[in-house]
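Asker: structure, please.
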Amino acid sequence: MGSPLKIAKLWMDAMNAHDLDAMSALYAEDISALEIADPTEHDRAGLIASYADLFSAYPDCKAEILNTFEDSEQVLIEIRWIGTNTGSFRGDEPTNKVSDLRIAYIFQVRNDRIVQMTEYYDSAQV
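Answerer: This next block holds a predicted model:
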């Protein structure tokens, strides 16, 4: 399929399309994902459920890639993420406010699959 950057960009495209199937097709079966701001660690099923919750709560959310760094197995992508909270999210009622934040994702890729994903953001901005 391609480089870690290509895999990460395919994942970002799927995220912007809110396509859980396309996102999860890029995950290794034993993916480990860590959300630093929460902090929550997810396996594959937990990661899919987390993004389903996000897309339900922020149905208009989109991300723009601002910066990338890549080596042979890892890529860091800095994005600007914007979405309006119109649904409940992680047990909280909707705020109907726009969240506009920067997020850094570090993807570790092997055999064209994401084996580890770490997400950094300031939770106070959500």
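
Asker: stretch 23-30: end-to-end distance?
Answerer: 15 Å (CA to CA, to the nearest Å).

Asker: run through who's touching it.
Answerer: Under the contact criterion CB atoms under 8 Å, 6 or more residues apart in numbering, stretch 23-30 has outside partners 7, 10-11, 14-15, 43-44, 47-48, 51, 110-115. (C-beta placed from N, C-alpha, C; glycine too.)

Asker: ok, those vs residue 66, which is closest?
Answerer: The closest of the contacts of stretch 23-30 to residue 66 turns out to be residue 15 (CB to CB; 14.8 Å).

Asker: please save the CA atoms from the helix or strand that contains the closest one in PDB.
Answerer: Using DSSP states H and E, residue 15 sits within helix 4-16. Extracted in PDB, the C-alpha atoms of helix 4-16 (Å, rounded to 0.1, in the frame of the first residue of the first chain):
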ATOM      1  CA  PRO A   4       3.500   5.300   6.900                       C
ATOM      2  CA  LEU A   5       2.600   8.700   5.700                       C
ATOM      3  CA  LYS A   6       0.400   7.300   3.000                       C
ATOM      4  CA  ILE A   7      -1.400   5.000   5.400                       C
ATOM      5  CA  ALA A   8      -1.900   7.900   7.900                       C
ATOM      6  CA  LYS A   9      -3.300  10.100   5.200                       C
ATOM      7  CA  LEU A  10      -5.700   7.400   4.100                       C
ATOM      8  CA  TRP A  11      -6.800   7.100   7.700                       C
ATOM      9  CA  MET A  12      -7.300  10.900   7.900                       C
ATOM     10  CA  ASP A  13      -9.300  10.800   4.600                       C
ATOM     11  CA  ALA A  14     -11.500   8.100   6.100                       C
ATOM     12  CA  MET A  15     -11.900  10.100   9.400                       C
ATOM     13  CA  ASN A  16     -13.000  13.200   7.400                       C
END
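
Asker: mind listing what's buried along it?
Answerer: Neighbour-count burial for helix 4-16 flags 4, 5, 7, 8, 9, 10, 11, 12, 14, 15 (criterion: 16 or more other CB atoms under 10 Å).
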